[in-house]
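S.K.: Below are the sequence and a predicted model for it; my questions follow.
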Amino acid sequence: MSKTTIPSGYRMPLSNNELQRAIELIHQEFQHSLCVRLNLHRVSAPLFVDGRTGLNDDLNGVERPVSFDIPDVGTDGQVVHSLAKWKRLALKRYEFPEGTGLYTNMNAIRRDEEVDNLHSIYVDQWDWEKHISPKDRNVLYLKETVRDIVGAICDTSAALRNAFPALTFKPDRDVYFITTQELEDRYPDLTPNEREVEICRKHHTVFLMQIGKTLASGKRHDGRAPDYDDWELNGDILMWNPILERSFELSSMGIRVDAAALDRQLTAANCNQRRELPFHKMLLNGQLPQSIGGGIGQSRLCMLLIGPCHIGEVQVSLWDADTMKTCEDAGITLL
């Protein structure tokens, strides 16, 4: 049975040709605004990394990377899940000074993703990382950065509506900040996903903080790898999607672990074996810059600002037969 749902009366607001031009405009406008607001510069990024380095994003720790042997190099390559750790090493290697950072167009394969309206095995996002001072490892700096990103989203939306008057979605610039514990306290009888829906229904633009740590209930709101975000200083940018009538995650981000936070979180996650990996050794020895960073979904942003109900309308991927038939019956073109 297809996991795809089609809202009653749904119609794509743009023609297929207009859709492609709208996607191009979003990429141009958002990249420019993000770079100006966060002082970022574009760099080239890997499609795959050496699996022995510990540089790949482990996501929730159970997803399998796509691996392949490289006989002439004598190692196995892993297609990236994201560039969460690679970017921090790049800040050091590319000699980015404090207050500046990098962004890149990241393409990934997540073979174990459960596909639905929002999820694809193909992931495209703007991955970014910024070199910060140790004194900026605090909640105020995190919130300022979130507001800058939301501002870039809103500026992009305004340019899009100007170019395509048929589009009416206008994101809310005012960000509502709440921790996962505060959200659990407010809605103790709901699941984590249901809590996100309710808080976004009420506040529209939300930054949900402190993801990965164990809550008072003994459960975690969601999984987060222990070796990039500091679980006390991270979060997700969520917006209300009026087409799907649900919360909509656009970005996972945060201030990165320092040596003390990494030590604490590796122990909590029972991942102490990672201490011997090259990246983790550098971090524990204080050899990497302090940083903040995250990923911002490209197809997700296009979905929200343009109004498609399925991610396959704005990106090319592979889908199961039930999903393809459900969309075909509804007159939806999957790219």
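M.R.: Thanks, I have the structure now. Only a predicted model underlies this, so the values are computations on that prediction, with no experimental measurement involved.
S.K.: Identify the neighbouring strands of the strand ranked longest in the chain in the sheet and state each direction.
M.R.: The strand spanning the most residues in the chain, taking DSSP state E as the definition, is strand 229-241. Next to strand 229-241 in the sheet, as set by DSSP bridges, lie strand 205-209 (antiparallel), strand 246-256 (antiparallel).
S.K.: and the helix or strand encompassing Lys87, what does it pack onto?
M.R.: Using DSSP states H and E, the element containing Lys87 is helix 86-93. In terms of contact count using 3 or more Cβ pairs under 8 Å, 6 or more residues apart in numbering; DSSP states H and E, helix 86-93 is assigned the packing partners strand 101-109, strand 122-131, helix 278-284, strand 291-297. Every residue, glycine included, has its C-beta placed from N, CA and C.
S.K.: And those: which comes nearest Lys170?
M.R.: Smallest distance to Lys170 across the helices and strands packed on helix 86-93 (Cβ to Cβ): 18.7 Å, for strand 291-297.
S.K.: how deep is Glu113 tucked in, by neighbour count?
M.R.: Here the count is done by other Cβ atoms under 10 Å, and Glu113 has 16 residues near it.
S.K.: ok but it is inside a helix, no?
M.R.: No. Counting by DSSP: H, G, I helix; E, B strand; the rest coil, one finds Glu113 to be coil, located in no helix.
S.K.: Could you pull up the contacting residues of it?
M.R.: Applying Cβ atoms under 8 Å, 6 or more residues apart in numbering, one finds that Glu113 lies in contact with 63, 119-121.
S.K.: between those residues, which has the most around it?
M.R.: Tallying neighbours with other Cβ under 10 Å puts Ser120 at the head of these, with 22 neighbours.
S.K.: How about the contacts made by the residue nearest to it when sequence neighbours are not counted?
M.R.: Spatially, and ignoring its direct neighbours in sequence, Ser120 is nearest to Ser317 (4.3 Å; Cβ to Cβ, 6 or more residues apart in numbering). Taking Cβ under 8 Å, 6+ apart as the definition of contact, the neighbours of Ser317 are 115, 120-122, 311.
S.K.: tell me the mean pLDDT over stretch 138-157?
M.R.: The predicted model gives stretch 138-157 an average pLDDT of 98.
S.K.: ok now it, how far from the chain's centre?
M.R.: Centroid separation for stretch 138-157 versus its chain: 14 Å, with Cα atoms, centre = their mean, to the nearest Å.
S.K.: buried ones in that stretch?
M.R.: Applying a neighbour-count criterion of 16 or more other Cβ atoms under 10 Å, one finds 141-142, 145-150, 152-157 buried in stretch 138-157.
S.K.: Adding distance to Ala321 and secondary structure, write the residues you listed out as a markdown table.
M.R.: Formatted as a markdown table, the entries for those read as follows, by distance: Cβ to Cβ, whole Å; DSSP: H, G, I helix; E, B strand; the rest coil:
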| residue | distance to Ala321 | secondary structure |
| --- | --- | --- |
| Tyr141 | 48 | helix |
| Leu142 | 43 | helix |
| Thr145 | 42 | helix |
| Val146 | 40 | helix |
| Arg147 | 43 | helix |
| Asp148 | 43 | helix |
| Ile149 | 37 | helix |
| Val150 | 38 | helix |
| Ala152 | 38 | helix |
| Ile153 | 35 | helix |
| Cys154 | 39 | helix |
| Asp155 | 40 | helix |
| Thr156 | 35 | helix |
| Ser157 | 35 | helix |
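S.K.: which one of the residues you listed is nearest Thr191?
M.R.: The shortest gap between Thr191 and any of the buried residues of stretch 138-157 belongs to Val146, at 24.4 Å (Cβ to Cβ).
S.K.: can you name the farthest residue from the center of this protein?
M.R.: The C-alpha centroid of the chain is most remote from Asp72, which lies 33.8 Å away (Cα atoms, centre = their mean).
S.K.: Next up, phi/psi of that residue, please.
M.R.: The phi and psi values for Asp72, taken as degrees, to the nearest 10, are phi -70, psi -20.
S.K.: repeat for the one 5 residues further on
M.R.: Gly77 has phi and psi values of phi -90, psi 150 when expressed as degrees, to the nearest 10.
S.K.: what's the spacing between stretch 215-226 and its chain's center?
M.R.: Computed by Cα atoms, centre = their mean, the separation of stretch 215-226 from the middle of its chain amounts to 18 Å.
S.K.: which parts of that stretch are buried?
M.R.: Going by neighbour count (16+ other Cβ under 10 Å), the buried part of stretch 215-226 is 215, 220-222, 224-226.
S.K.: hang on, the earlier thing: strand 101-109 and the helix holding Lys87, what's the angle between them?
M.R.: Comparing the axes of helix 86-93 and strand 101-109 via axes from the mean of the first three to the mean of the last three Cα atoms, to 10 degrees yields an angle of 140 degrees.
S.K.: Now do the buried residues in helix 86-93.
M.R.: Within helix 86-93, the residues that qualify as buried by neighbour count (16+ other Cβ under 10 Å) are 86-91.
S.K.: Looking at the residues you listed, which is nearest Leu167?
M.R.: Nearest to Leu167 among those is Lys87, at 31.9 Å by Cβ to Cβ.
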